[in-house]
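K.L.:
Sequence and predicted structure are below.
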Amino acid sequence: MDFLVDFYGMREPYEGELKFFRERPEVAGMATEDNKIILNPFSTLSPRELSAVAQNEAIRLYLKQQDAAPNFDLTPEQLKMFKGTEYEKDSDAAKQSILARILTNDPSAKNATLDQIMQAQMIRDQILSLKKR
């Protein structure tokens, strides 16, 4: 899904975003309000892992622009993972994050359910159809 990263594009973090990354080193990257992808320059992840993070964020941007409201429940393990994060109070964003994590083979999807996997496959097919255009 590298083509999706290229579509949205990456940029350097602004000063406020750098402050956020310093305070939240566990956050490897994010989809920004200006529909760009930024990565945490303080991250200790490998280049391959950071590439997966960028793909994850590109998928989240796609889902946000599509106003995707995934229709599945989060598992107790997923809910626990999101406790205390921005996703705790935004279930659509949390579900979009789970879909993106499934599509990038991120183990933090935490034992995705069959319903989640099926919806991720539908999203993957939609995204790949964009590439063919």
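P.N.:
Received, thanks.
K.L.:
alpha carbons only for contacts and neighbour counts from here, please
P.N.:
Fine.
K.L.:
what ranges do the helices span in this protein?
P.N.:
Under the criterion DSSP state H, the chain contains helices at 2-8, 15-23, 47-65, 76-82, 91-103, 114-132.
K.L.:
and the fifth one, what other elements does it pack with?
P.N.:
When you say that, I think you mean helix 91-103. helix 47-65, helix 114-132 (3 or more Cα pairs under 8 Å, 6 or more residues apart in numbering; DSSP states H and E).
K.L.:
List the residues that contact R48.
P.N.:
With contact set as Cα atoms under 8 Å, 6 or more residues apart in numbering, R48 has no partners.
K.L.:
quick revisit: so for L39, which of the helices of the chain sits nearest?
P.N.:
helix 47-65 (7.2 Å; Cα to Cα).
K.L.:
what is the orientation angle of the closest one with helix 91-103?
P.N.:
140 degrees (axes from the mean of the first three to the mean of the last three Cα atoms, to 10 degrees).
K.L.:
in helix 47-65, what's buried?
P.N.:
For helix 47-65, burial by neighbour count (16 or more other Cα atoms under 10 Å) applies to 50-64.
K.L.:
Which one of the helices and strands packed on helix 91-103 lies nearest to P76?
P.N.:
helix 114-132 (13.8 Å).
K.L.:
So which bits of that closest one are buried?
P.N.:
So, applying 16+ other Cα under 10 Å, buried residues of helix 114-132: Q116, I117, Q119, A120, I123, R124, I127.
K.L.:
residues near the closest residue to A94 other than its chain neighbours, how many?
P.N.:
Excluding its sequence neighbours, the residue lying closest to A94 (Cα to Cα, 6 or more residues apart in numbering) is Y87, at 5.0 Å. By other Cα atoms under 10 Å, 17 other residues sit near Y87.
K.L.:
One more: G84?
P.N.:
There are 10 residues near G84, going by other Cα under 10 Å.
K.L.:
Same question for P107.
P.N.:
Counted with other Cα under 10 Å, P107 comes out at 10.
K.L.:
who touches it in this structure?
P.N.:
P107 touches R101, counting by Cα under 8 Å, 6+ apart.
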